[in-house]
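Chemist: Okay, predicted coordinates and the sequence, questions at the end:
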Amino acid sequence: MIADTPTLFACVALVATIMAFCLILVGQFNQRDGLLTIGFGLSAHALAYIGYTFYGHAPLWLTYGAANTLLAVALAFYGVSVFRIVELPVAWWRVFAPAALMLVLMVSLIDTLEPRMLAATLLLMLQCSLIIYWTRRHIPAQGRARMLLIIGSSISLIGLGMRVVAVLGGGAAEMRYDVSNLKQTISVSIGTFTAMMISLGLVLLSKERSESLLQHMALRDVLTGILNRRAILDQFSTELERARRDSSSLAVAMVDIDYFKQINDRYGHLAGDEVISHCANHLTQRIRHSDSIGRYGGEEFLILLPSTNPEGAVAVLDELRASLAESPAQYDKTKISLRISIGVCCVVPTEGDTIASLLTSADSALYEAKGAGRNTLRFAPSLFQPSETLAVAVLEI
């Protein structure tokens, strides 16, 4: 079926205008989500196709030169949107360089046919390739938006490639914007389809990004940025099931900042917050990649060490305790020394072991460490009695 080419252009312009209006309207309320730049891209897209619609009835510099430059600007805005949505710095000059080059080439080649068509088409192909590259590099592989962006840009490359083949084959006149034939219908239809796919892919990317940030915020402690109580307990459930299934050892450590109330009373609550953040950062940086840490409550932290026997738990946790004692927190110009006490429960879990029972054992060991003078580590006595070679020194504060 052969469609009237100017009519196709007009339909694309109408759809792009409606989508641009909606995105600009909602995007102005949150300029960080990329919807505004997508709207700007669609606006440029709509203006470009309006120019194509009047090809042969208005000056060539307007209906071809300006129109193709606007389409290049639209693709540049789509590229900017990728960076804005994933919160990466935008290299504006690099993203818009093809659009600037398009303007220069259209001005210099406007009186030619094949050269201007090849130049415009190849530059648009370059921009689609850049969108694919940026998408593959910066967007997680599992996202649906990534798939839409890559497929849309790839199909656009096919449509533009058809124009290149036609021009190189001596059929440039058949690809003029005021000519209606099967090749032109397929090429313009592909352009219509891909414009919608790219814009919808970007909108979906913004949605996925927002959902990811909300999920991250829901699972993270506001003060420290580590897992909050709910999230670390969910991780505890996962690690417990894995250890039970694999018959492997799991070490559960309750960590408490010693004399935290005195720190608050002496330096103030803001200093106390800084001490908690410093402790969380210190522990996070020094636990192993396979371990997990979360803020259990107040000045207490929960650390999970999967596939770790008692000896390994002593080595890891006592190093954390000793290194933190040598690393004071900094509040304003004041250095605040801090110490931690640690209670550990280490088991190869059976069906009778639950999160509650293991936490109770680790908490009991923590109270024992507190009673032994603080700044020390104790195991749950019913589960592990450290030998002399594993005994942890108690450092008095």
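Modeler: Great, that's in hand. Residues are numbered from 1 along each chain as shown.
Chemist: Show me what the helix or strand harbouring Ala48 is packed up against.
Modeler: Per DSSP states H and E: Ala48 is located in helix 35-53. Other helices and strands packing on helix 35-53, by 3 or more CB pairs under 8 Å, 6 or more residues apart in numbering; DSSP states H and E, are helix 5-27, helix 67-85, helix 182-219. C-beta here means a position set from N, CA and C on the backbone, and glycine is covered the same way.
Chemist: Now Cys11. Nearest residue, chain neighbours left out?
Modeler: In space, not counting the residues next to it along the chain, Cys11 is nearest to Thr192; the distance is 7.3 Å by CB to CB, 6 or more residues apart in numbering.
Chemist: gap between that neighbour and Leu304?
Modeler: Distance from Thr192 to Leu304, counting by CB to CB, to the nearest Å: 53 Å.
Chemist: So for those two, which sits in the more crowded spot?
Modeler: Per other CB atoms under 10 Å, whichever of Thr192 and Leu304 has more neighbours is Leu304, with 24 against 18.
Chemist: Enumerate every residue touching that one.
Modeler: 232, 235-236, 239, 250-253, 291-293 (CB atoms under 8 Å, 6 or more residues apart in numbering).
Chemist: Among those residues, which lie within helices?
Modeler: Among the contacts of Leu304, DSSP state H puts 232, 235-236, 239 in helices.
Chemist: now those as JSON lines including distance to Leu320?
Modeler: Output for these, formatted as JSON lines (distance: CB to CB, whole Å):
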{"residue": "Ile232", "distance to Leu320": "16"}
{"residue": "Gln235", "distance to Leu320": "18"}
{"residue": "Phe236", "distance to Leu320": "19"}
{"residue": "Glu239", "distance to Leu320": "18"}
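Chemist: what does the average pLDDT come to for stretch 194-207?
Modeler: Across stretch 194-207, pLDDT averages out at 86.
Chemist: ranges for the strands of this protein?
Modeler: Along the chain, the segments classed as strands by DSSP state E run 250-257, 292-297, 300-306, 329-331, 334-336, 340-347, 377-379.
Chemist: wait, which of the ones you listed is closest to Gly56?
Modeler: Closest to Gly56 of these, according to CB to CB: strand 292-297, at 66.5 Å.
Chemist: can you list contacts of the closest one?
Modeler: Contact partners of strand 292-297, identified using CB under 8 Å, 6+ apart, comprise 221, 223-224, 226-229, 231-233, 235, 239, 254, 276, 280, 283-284, 287, 301-304.
Chemist: can you list the weak-confidence ranges in the stretch 151-300 of the chain?
Modeler: Nowhere does the stretch 151-300 of the chain drop to pLDDT under 70.
Chemist: on that earlier part again, please identify the most buried of the helices and strands packed on helix 35-53.
Modeler: Scoring the helices and strands packed on helix 35-53 by mean neighbour count under mean count of other CB atoms under 10 Å gives helix 67-85 as the most buried, with a mean of 26.
Chemist: what packs against that one?
Modeler: Using 3+ CB pairs under 8 Å, 6+ apart, helix 67-85 sits against helix 35-53, helix 92-109, helix 114-138, helix 182-219.
Chemist: Just put these in a markdown table and tack on distance to Arg84.
Modeler: Shown next, in a markdown table, are these (distance: least, CB to CB, whole Å):
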| stretch | distance to Arg84 |
| --- | --- |
| helix 35-53 | 6 |
| helix 92-109 | 11 |
| helix 114-138 | 11 |
| helix 182-219 | 9 |
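Chemist: In this structure Phe40 contacts Met19, no?
Modeler: No. Phe40 is beyond contact range of Met19, at 11.7 Å (criterion: CB atoms under 8 Å).
Chemist: per-domain residue ranges of this structure.
Modeler: Split into domains by automatic domain parsing, the chain comes to 5-218, 229-390.
Chemist: so what's Leu270 closest to, chain neighbours aside?
Modeler: Per CB to CB, 6+ apart, closest to Leu270 is Tyr331, 7.3 Å.
Chemist: contacting residues around that neighbour?
Modeler: Counting by CB under 8 Å, 6+ apart, Tyr331 touches 267, 270-271, 274-275.
Chemist: Sitting in helices, which of those residues do you find?
Modeler: 267, 270-271, 274-275.
Chemist: Could you turn the buried ones of the residues you listed into a PyMOL selection?
Modeler: In PyMOL, this line selects whichever of those come out buried by 16 or more other CB atoms under 10 Å:
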select buried, resi 267+271+274+275
